[in-house]
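Sequence and computational prediction follow.
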Amino acid sequence: MRIALFITCFNDTLFPETGRATVEVLERLGVEVDFPLEQTCCGQMHFNTGYQREAIPLVRRFVEVFKNYEAVVAPSGSCVGMVRELYPMAADLANDKRLAADVEELSPRVFELSEFLVKKLGVTDVGAYYPHRVTYHPTCHSLRMLKVGDAPLKLLEAVRGIDFVELPEARECCGFGGTFAVKNADTSIAMLGDKLRHVLETEAEVCAAGDNSCLMHIGGGLKRQRAGVRTVHLAEILATTEEKIKP
Amino acid sequence: MTIEAPDAFSGGKTPHFEESARESLADSQLRRNLGKATQTIRNKRAVAVEEMPDWEQLREAGRALKSRTLRHLDEYLLQLEESVKQAGGQVHWARDGEEANRIIAGIAKSHDAGEVVKVKSIATDETKLNEYLKREGIEAFETDLAELIIQLAGETSSHILVPAIHKNRSEIRELFMQKLGVEDLSDDPPDLTNAARLYLREKFLKAKVGISGANFAVAETGTVCVVESEGNGRMCTTLPPVLVTLMGIEKIIPAWQDYEVFMQLLPRSSTAERMNPYTTFWTGVSEGDGPQEFHLVLLDNGRTEVLDDEIGRQTLNCIRCSACLNVCPVYERTGGHAYNSVYPGPIGAILTPQLVGIGKSGSDSLPYASSLCGACYEVCPVKINIPEVLIHLRGRVVRHKQDEGGLRGKLDPENVAMRAMAKTFSEPRLYEGAQKAARIGQWPLARSGAIHRLPGRLAGWTDARDLKPIPEQTFREWWRSRNGSGTHSGTRSGEGS
Ligand code: SF4
């Protein structure tokens, strides 16, 4: 199978290691990965902040770049949520019937990484080895918009050597919310405080998630507190193998 | 705490959500009271909903019924008017809050009523009826326990179902001792209720006019319905000889049969009960029984404009169950007063700006009072896609600023930055240039592997969070170095990684 990787502008710039890990996991499973270099940003930040007319050219670009692929995979629940749930609204706003039709045709083929692996490929054991105590924050968009369900947990369960511990009140939002984290920084931080408390309760050394935006927020808080817990994207856990760790 | 604060419906300027939230967030008693209360209701609701095997079908039925009714609202309203008249009631139409208040005060005056008793009603809070009546020399007594508490305290409601949710028992005890002149009072709920009961009984028996809101009204028969837990509402609607009901036009349902759906959805979603304790129905007037004069005031106050908005109109499906407030992580922490509106929480964040109109800076901040986590949509019994409406309204707010805000709107730093970024993202070459520039530009900020302080508006981030610096190589640079400049990997099994 050949897929297109949608890296997301956020990962491309700030978390390239997540992109490399995603490529590695997919190729290990025999998936052929394309990376169309004309891709930029899905437009989520603009759209969700209200700059929706400004987001329309980005929506068009995304559709043009990816429409001929059998499947598009992204290591980000919220960007996939943007494409699948909000692109139809963007196309309506653009008052563009062709764009709407293209969106309708393309969006069911756009997958978040864990859902692609578990639901589309039917794989849970990707051959990973990760000897650490790990907890997982499910992120709201993966959970409630994409309904990825327990796909990430199934993948983590199959990782060898992992000491997985469930996060209390896992379904509660971490308080990131895109520009919410800056516009309503006080509320965002109040929400983060409770999330951090739950993460620390698990005594995990790693807090994982399927979205680096939420992780940057959680990780930024942990780091500021010198909490001794690091944040790692699910893809990086799945990419780690025994051969890689042992010299 | 804001005392008698003007809100989005009082006309003047209101503070932005983020300013008010900052104050509430610092109130540790409020945080504790609200955190505890919302968590309790939330968990109870989850249990009450779980035992319903057909909950999802019920939600869908509720949504479908509401949206069909709204599509034909004009017809149903005329039908309702006709059936209320047939049953001996009188119907009044109020374009806005001012008109509604005038009508209601007129009715009270025509009966020489210096005092009226009220059932809990958010519509009358929306129109600021109590203040209006006061100016006209009429005193309104709230009879719902929680409404009474906030009226005595001179505060405003902070929750659509539990207006005094921000107060705990000992605070209420102190208030009753001060305001009701009770000398010996414990903070036991039965004792508190009893103190209120003694005070209210007298009011019920004396009042010539009762005022209520409405949860539903059946177009077919003209039957109005109030759903409550205490029985005080029933006294208000049955004891005084004159009854006036103020109802938002969206509260209408076509037929009795539709109760089957709503009477299952509402109690479980709001109070986590299988069946509502006091459900009062009345159809016009009945000779020798209950009020002998009944007025139904139908309130628009911006609702027809909401109907005009294809995405926004689902907001009018709302049956005011308050489930969305109880699950909202923002509401749970800021409380209701931060929203500066009689409608707080997720429903308030979408309803208020639509009712008062986009372009008012205070209420324009409300659609942003959400992390878009979607917990509200998940519980809403009539399936209002609140995150979708929030995003849609953010778009309307921004477009309004850009199109009507003149030069100031255009030069707004956020607008300038967002437009520049959109331009950058629209062209891979510009985008890659910006990635490199950001990497170089950050060096004065990054220290020992983390950014601790950001400048300007972005400082909100680094108030409590470090920021990871931009790494040496972007993903696409890595991809190019691995594959030449091609799109296609052409490699297998982690080669080059
Ligand atoms: S929006 Fe939905 S959940 Fe919120 S109060 Fe209205 S009906 Fe209830």
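Good, I have the coordinates. Numbers count the residues shown, from 1 in each chain, chains lettered A, B, ... in the order given.

Need phi/psi at A:Gly219.
For A:Gly219, the backbone dihedrals are phi -60, psi -40 (criterion: degrees, to the nearest 10).

Can you get me a residue count around it?
Using other CB atoms under 10 Å in any protein chain shown, A:Gly219 is surrounded by 22 other residues. C-beta here means a position set from N, CA and C on the backbone, and glycine is covered the same way.

what's the distance between it and chain B?
To chain B, A:Gly219 is 7 Å away according to CB to the nearest CB, to the nearest Å.

roughly how far apart are the residue nearest to that residue when sequence neighbours are not counted and the ligand?
What sits nearest to A:Gly219 in space, not counting adjacent residues and going by CB to CB, 6 or more residues apart in numbering or on different chains, is A:Thr231, at 3.5 Å. Remark: distance between A:Thr231 and the ligand (CB to the nearest ligand atom, to the nearest Å) = 33 Å.

which other residues reach the helix or strand where A:Thr231 lies?
Mapping A:Thr231 onto the secondary structure by DSSP states H and E places it in strand A:230-233. Residues lying outside strand A:230-233 but in contact with it, judged by CB atoms under 8 Å, 6 or more residues apart in numbering or on different chains, are A:15, A:17-18, A:21, A:75, A:134, A:205-212, A:215-216, A:218-219, A:222.

Got phi/psi on B:Val244?
In this entry, B:Val244 is assigned phi and psi values of phi -120, psi 130 (degrees, to the nearest 10).

what number of residues lie near it?
B:Val244 is surrounded by 27 other residues when neighbours are defined as other CB under 10 Å.

Where does the prediction get shaky in the chain?
You didn't say which chain, so I picked chain A. When the per-residue scores of chain A are filtered using pLDDT under 70, the ranges that remain are A:247.

um, chain B though
Regions of chain B meeting the criterion pLDDT under 70 cover residues B:1-5, B:443-448, B:485-486, B:488-497.

Closest to the centroid, which residue in it?
For chain B, the residue sitting closest to the mean C-alpha position, by CA atoms, centre = their mean, is B:Gly348 at 2.7 Å.

How about chain A?
Closest to where the C-alpha atoms of chain A average out (CA atoms, centre = their mean) is A:Ser76, at 2.0 Å.

list the contacts for that residue?
When contacts are counted by CB under 8 Å, 6+ apart, A:Ser76 touches A:Thr8, A:Phe10, A:Asn11, A:Glu112, A:Gly210, A:Asp211, A:Asn212, A:Ser213.

and which of those is nearest to the ligand?
Using CB to the nearest ligand atom, A:Asp211 comes nearest to the ligand of the contacts of A:Ser76, at 25.9 Å.

ok, that closest one - contacts?
A:Ser76, A:Gly77, A:Ser78, A:Thr139, A:His141, A:Ser142, A:His233.

still on that earlier bit, which among the contacts of strand A:230-233 end up buried?
Among those, those that count as buried by neighbour count (16 or more other CB atoms under 10 Å in any protein chain shown) are A:15, A:17-18, A:21, A:75, A:134, A:206-212, A:215-216, A:218-219, A:222.

Skipping adjacent residues, who's closest to residue 23 in space?
You didn't say which chain, so I picked chain A. By the measure of CB to CB, 6+ apart, the closest residue to A:Val23 outside its immediate chain neighbours is A:Val33, 5.3 Å from it.

other chain: chain B
B:Ala338 (7.5 Å).

I'd like the distance between the residue nearest to the centre of chain B and the ligand.
As judged by CB to the nearest ligand atom, B:Gly348 and the ligand stand 9 Å apart.

need the contact list for that residue.
Going by CB under 8 Å, 6+ apart, B:Gly348 touches B:Ile160, B:Gly336, B:Tyr339, B:Ser341, B:Val342, B:Leu366.

Name the helix or strand for the first one, please.
With the criterion set as DSSP H and E, no secondary-structure element contains B:Ile160; it sits in neither a helix nor a strand.

So what's the residue count around residue 130?
Using chain A. 23.

The intended chain is chain B.
B:Asn130: 21 surrounding residues under other CB under 10 Å.

Now it: which helix or strand?
With elements delineated by DSSP H and E, B:Asn130 resides in helix B:129-135, which encompasses its position.

For that helix, output the C-alpha coordinates as PDB.
Extracted in PDB, the C-alpha atoms of helix B:129-135 (Å, rounded to 0.1, in the frame of the first residue of the first chain):
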ATOM      1  CA  LEU B 129     -37.800  41.900  34.400                       C
ATOM      2  CA  ASN B 130     -37.100  42.200  38.100                       C
ATOM      3  CA  GLU B 131     -35.200  45.400  37.700                       C
ATOM      4  CA  TYR B 132     -37.900  46.800  35.300                       C
ATOM      5  CA  LEU B 133     -40.700  45.900  37.800                       C
ATOM      6  CA  LYS B 134     -38.800  47.500  40.600                       C
ATOM      7  CA  ARG B 135     -38.500  50.800  38.600                       C
END
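
what's next to the very next helix or strand once past it, contact-wise?
Reading on from helix B:129-135 to the C-terminus, the next helix or strand found by DSSP H and E is strand B:139-142. By CB under 8 Å, 6+ apart, the list of residues contacting strand B:139-142 from outside reads B:114-118, B:120, B:129-130, B:133-134, B:148, B:150-151, B:200, B:203, B:207, B:211.

before we move on, what about stretch A:142-158?
Applying CB under 8 Å, 6+ apart, the contact partners of stretch A:142-158 are A:77-78, A:80-81, A:84-85, A:112, A:114-115, A:117-119, A:124-126, A:128, A:134, A:136, A:138, A:162, A:164, A:171, A:208, A:210-211, A:234, A:237-238, B:373-375, B:377-378.

I'd assumed B:Arg465 was in contact with A:Gly220.
Yes. The pair A:Gly220 / B:Arg465 is scored as a contact, 3.1 Å apart, by CB atoms under 8 Å.

Looking at these two, which is more packed in?
Here A:Gly220 and B:Arg465 are set side by side on neighbour count (other CB under 10 Å), and the busier one is B:Arg465, at 28 against 23.

show me what contacts the more buried one?
Each residue near B:Arg465 by CB under 8 Å, 6+ apart is listed here: A:Ile189, A:Leu192, A:His217, A:Gly220, A:Gly221, A:Lys223, A:Arg224.

Max pairwise distance over these: which two?
A:Ile189 and A:Lys223 (14.0 Å; CB to CB).

Spell out which residues of the stretch 201-350 of chain B are next to the ligand.
The interface of the stretch 201-350 of chain B toward the ligand, taken as CB under 6 Å from any ligand atom, is made up of B:Ser269, B:Cys318, B:Ile319, B:Arg320, B:Cys321, B:Ser322, B:Ala323, B:Cys324, B:Ile347.

which of these has the most neighbours?
Comparing those on neighbour count, B:Ala323 comes out first with 29 neighbours (neighbours: other CB under 10 Å).

Relative to B:Gly345, how far out is it?
With distances defined as CB to CB, to the nearest Å, the gap from B:Ala323 to B:Gly345 amounts to 10 Å.
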